[in-house]
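Undergrad: Coordinates for the following, if possible.
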Amino acid sequence: MSAAQWLNRVWYERPAPPWWLMPLSLLYGALARARRLAYARHLRPVRRLHRPVVVVGNLSVGGTGKTPLVSWLAGRLRELGYRPGIVTRGYGGSVRRSRLVAPDADPAEVGDEALLLARRTGMPVAIGRRRPAAAQLLIDRGCDLIVSDDGLQHYALERDCEIIVIDGDRRFGNGWLLPAGPLREGRERLAAADGIVVNGGRALIEGALSMRLEACAAVALRGGRERPLESFAGTCVHAVAGIGHPERFFNMLRSYGIEVEGHALPDHAPIRPADIRFAGGAPVLMTEKDAVKCASIADERHWYVPVEVRFEEHESSALIATVLDRIARAHPAAQRSLNG
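TA: Okay, here's the model as predicted:
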């Protein structure tokens, strides 16, 4: 069992962590609060851009559905007349300086999520450890609004709106901060958010919105041919997922009647041929994030499954209205109408 697998069992399958992790968790919490306070009091530099900044993030480590929500949100804001750009860390990539991400970039350099966002949205995407510098590249490119993916704890970039995404299945795990639990910040941090979105369920939080990720087709890595997921029903497939919560992907496939042999990989892990090539001719289904790393090693057996964000209509409108309201308060000249 790897260290990551052991930690996930501690965080999500046990009621309490081992006692010796608890002091480390308390120390982490104290440091995290001190860091946030230092930014809030401008003891550490905070940069305010002359463009609206919307942050999408989470309290826990691992996948909660942030990146699909960023793609959806940026698309809706573009429909309203904005020219959004997306800034992200570039996890899994080797590039350390801030740079724009081209759709044909090497995922080993820019990271899988950044490349996925660039290809999926067609919008400018910038990566960088220094979020303000990366965001400035987008403004220089002509963007008039910045959406920050996984930017909740990156306080050096001032934000006008914060949206926190919660995994509706795993929620907050055992409720402890790192390393005893999965939380980067305590649940009290939710009170400062402008919007709370629960992916795959509804948490017991007043005002939280509920979203789900839906897929209806698989896309061949070779040639781009689409095939309905229903057509795999009754078929045994290999499913590969290098994401924060692989079981969510496996269970989604099983909901279509597909017999799944799951192969979970570490989040953002490089993918080798041995990771996606299995004996026999069974189809291999993977996430869209993993697919951006597999183009050169895939064959006719390999498919990826893109997902789309779905809200109840009144809830999607409520989220957009909240974002527009926060933007209008901070940048009146940037205001757009939800109905216009």
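Undergrad: Just to check, Thr235 is in contact with Glu259?
TA: Yes: counting by CB atoms under 8 Å, Glu259 is a contact partner of Thr235 at 6.6 Å. Every residue, glycine included, has its C-beta placed from N, CA and C.
Undergrad: what number of residues lie near Leu27?
TA: Neighbour count of Leu27, defined by other CB atoms under 10 Å: 12.
Undergrad: Unless I misread the structure, it falls within a strand.
TA: No: under DSSP: H, G, I helix; E, B strand; the rest coil, Leu27 falls outside any strand and is assigned helix.
Undergrad: For it, give me its contacts.
TA: With contact set as CB atoms under 8 Å, 6 or more residues apart in numbering, Leu27 has no partners.
Undergrad: what ranges do the strands span in the stretch 201-340 of the chain?
TA: Counting by DSSP state E, counting those that start in this stretch, the stretch 201-340 of the chain has strands at residues 209-214, 217-220, 226-228, 236-241, 259-264, 284-287, 302-305, 308-311.
Undergrad: can you tell me which residues contact Arg89?
TA: Per CB under 8 Å, 6+ apart, neighbours of Arg89: Gly111, Ile127, Gly128, Arg129, Arg131, Asp149, Asp150, His154.
Undergrad: do the same with Leu190
TA: Going by CB under 8 Å, 6+ apart, Leu190 touches Leu59, Ile164, Ile196, Ile205.
Undergrad: Next: Arg336.
TA: Leu77, Leu80, Gly81, Tyr82, Leu324, Ile327.
Undergrad: separation between the last one and Arg47?
TA: From Ile327 over to Arg47 the distance is 18 Å, taken as CB to CB, to the nearest Å.
Undergrad: Of the two, which one has the most company?
TA: Comparing Ile327 with Arg47 by other CB under 10 Å, the one with more neighbours is Ile327, at 22 against 14.
Undergrad: residues contacting the nearest residue to the more buried one once chain neighbours are set aside?
TA: The shortest distance from Ile327 to any non-neighbouring residue, by CB to CB, 6 or more residues apart in numbering, is to Pro52 (4.4 Å). Pro52 makes contacts with Asp144, Leu145, Ile146, Asp160, Cys161, Ile327, Ala330, His331, Ala334, as judged by CB under 8 Å, 6+ apart.
Undergrad: ok, and the helix or strand in the protein with the lowest average confidence?
TA: helix 3-13 (a mean of 83; mean pLDDT, DSSP states H and E).
Undergrad: what helices or strands is that helix leaning on?
TA: Contacts defined by 3 or more CB pairs under 8 Å, 6 or more residues apart in numbering; DSSP states H and E place helix 3-13 against no helix or strand at all.
Undergrad: Just give me how far it sits from the chain centre.
TA: 20 Å (CA atoms, centre = their mean, to the nearest Å).
Undergrad: And for stretch 71-89?
TA: Between the centre of stretch 71-89 and the centre of its chain there are 14 Å (CA atoms, centre = their mean).
Undergrad: Buried residues of it, list them for me.
TA: Neighbour-count burial for stretch 71-89 flags 71-74, 76-77, 80, 82, 84-89 (criterion: 16 or more other CB atoms under 10 Å).
Undergrad: Stretch 227-241 too?
TA: For stretch 227-241, by 16+ other CB under 10 Å, it's Leu229, Phe232, Val237, His238, Ala239, Val240, Ala241.
Undergrad: again with stretch 303-315
TA: Trp303, Tyr304, Val305, Pro306, Val307, Val309, Phe311.
Undergrad: Next, the residues that contact it from outside, please.
TA: With CB under 8 Å, 6+ apart, stretch 303-315 has contacts from 65, 68-69, 71-72, 120, 209-215, 217-221, 227, 229, 249, 252-253, 283-288, 290-291, 319.
Undergrad: Now, of those residues, which are buried?
TA: Buried among the contacts of stretch 303-315 (16+ other CB under 10 Å): 65, 68-69, 71-72, 120, 209-213, 215, 218-221, 229, 249, 252-253, 283-288, 290-291, 319.
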